[in-house]
Structure formats: structure tokens, C-alpha cells
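Novice: Requesting a structural model of the entry that follows:
(one chain, ligands or ions: 1)
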Amino acid sequence: VVLVREAREEEAEAIADMLCRSIRDLCAADHGGDEEMIAAWSANKTAENVCKWIAAPGIMLTALAPDGGVAGAGAAAPDGTVLLNYVAPEMRFSGVSTALLLELERWLLKSGCPEVRLESTRTALAFYLARGYEKNGPAVPWRKSTAQPLRKRLAP
Ligand SMILES: CC(C)(COP(=O)(O)OP(=O)(O)OC[C@H]1O[C@@H](n2cnc3c(N)ncnc32)[C@H](O)[C@@H]1OP(=O)(O)O)[C@@H](O)C(=O)NCCC(=O)NCCS
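Specialist: The predicted structure follows:
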């Protein structure tokens with residue numbers, strides 16, 4: 001069971017740490033263990049930047065594990081773009097990303113976005129396709145890999 005709520009500034013350090021561990025441990029399908037790519041991908045995942053993302057327009061959410069630790073984080077911009085959706089490695093496959101995505105979609109719909117868009121990692125592609133997302137054009141070059149633009153209609 002996870003609780004999802006708006007992210008708090010005092011969690012920024014724990015969120016940044018979780019983001020870097022998620023990238024390193026879960027996203028090998030994208031970085032293939034390439035230390036240079038892991039470093040570049042993780043470079044902006046700092047507590048300072050997390051504080052900026054929390055304060056930015058849009059929404060940033062924290063998923064909390066039963067012990068109160070940071071289990072995941074997600075963010076979306078007011079234009080309907082999902083910017084982040086990461087789970088702590090030890091919490092993978094326990095519903096965290098699903099819960100975060102549902103809350104982001106709910107917030108976007110409430111904010112008047114009829115459609116949500118994102119660029120999926122290779123790691124997360126099957127996850128999004130199983131949740132109603134469809135390809136929105138061909139994969140695009142992204143770092144040393146590719147990302148897949150996806151979209152999902154939220155409102156008719
Ligand atoms: C893939 C990923 C996004 C799934 O998040 P999660 O929080 O572990 O997933 P949830 O528990 O909410 O959802 C379960 C989904 O995980 C996948 N899954 C579950 N068990 C699995 C297993 N044993 N092996 C492989 N995939 C499995 C399935 O897609 C499953 O969906 P389903 O219920 O439709 O079958 C996540 O594990 C991940 O690797 N994130 C890395 C960060 C990332 O790439 N973020 C995306 C940036 S756009």
C-alpha cells in the first residue's frame with residue numbers, strides 16, 4: 001500500500017537519491033550500464049533541482065512506502081506533459097508507478113488537459129502501453145538511446 005500526495009521540500013534529498021537509484025538500478029534497458037550515460041541522466045536529479053520542480057507550475061507527487069520512506073515520485077507540467085515517473089528499486093512492481101500515473105492524470109484532467117503526453121524510456125514502454133498510452137510518432141534520439149513519444153486521451 002502506498003500513499004501518494006504532493007511532494008514536500010523537506011523530502012527533496014530523499015527524492016533525488018531515489019531518482020538516481022531508480023535510473024542506475026532499473027533502467028539498464030536504456031543505459032546498458034554505461035557510466036557516462038548514467039551520470040548524465042542523473043546529473044540534474046539533485047535536491048536543489050527537486051525543490052525547483054516542487055515549486056514550478058504543474059504538479060510534483062511523492063509516493064510514500066508503508067515505513068514512510070520515499071517509494072517514488074512523479075511530476076507533470078500544466079501543458080499535459082509527464083516529466084517524471086520513477087520508483088525506488090526496492091519498491092518496484094508494487095503499484096507505485098501506477099498510483100503516481102493515475103494521480104498525475106487526474107490532476108491534468110482537473111486542470112483542463114484533454115490529453116497527456118510523455119516520452120517513455122525503453123524500460124517503461126510496456127508499462128505505459130498497458131495503461132492506455134499509444135505511440136505518438138516514431139522513437140526519437142535520446143542520450144545514447146531512444147525515447148518513445150506517447151499520448152493518451154483523458155477527455156473526449
Ligand atoms: C517499469 C516501471 C515504470 C514500472 O513501475 P512499477 O512501479 O514497478 O510498476 P507497478 O507496480 O505500478 O505496475 C506493474 C507493472 O510493472 C510491470 N511488471 C510487473 N511485474 C513485473 C515483472 N515481474 N517483470 C517485469 N515487469 C513487471 C508490468 O508492466 C506491470 O503492469 P501490469 O500490471 O499491467 O502487468 C518501473 O519499474 C521502472 O522501471 N521505472 C524506471 C524509471 C523509468 O523508466 N521511468 C519512466 C520515465 S518516463
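
Novice: residues from this protein in reach of the ligand?
Specialist: 22, 26-27, 85-87, 92-98, 118, 120-121, 123-124, 126-127, 130 (Cβ under 6 Å from any ligand atom). Quick note: C-beta positions are derived from backbone N, CA and C, even for glycine.

Novice: How much space separates residue 95 from residue 56?
Specialist: According to Cβ to Cβ, to the nearest Å, residue 95 and residue 56 sit 26 Å apart.

Novice: circling back: can I have the buried ones of the residues of the chain next to the ligand as a PyMOL selection?
Specialist: Buried residues within those, by 16 or more other Cβ atoms under 10 Å, are selected in PyMOL with:
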select buried, resi 22+26+27+85+86+87+94+96+97+98+118+120+121+123+124+127
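
Novice: Could you list the paired strands of the lengthiest strand in the chain along with their orientation?
Specialist: What stands out as the longest strand in the chain, according to DSSP state E, is strand 145-153. According to DSSP bridges, strand 145-153 forms sheet pairs with strand 115-120 (antiparallel), strand 134-135 (antiparallel), strand 140-142 (antiparallel).
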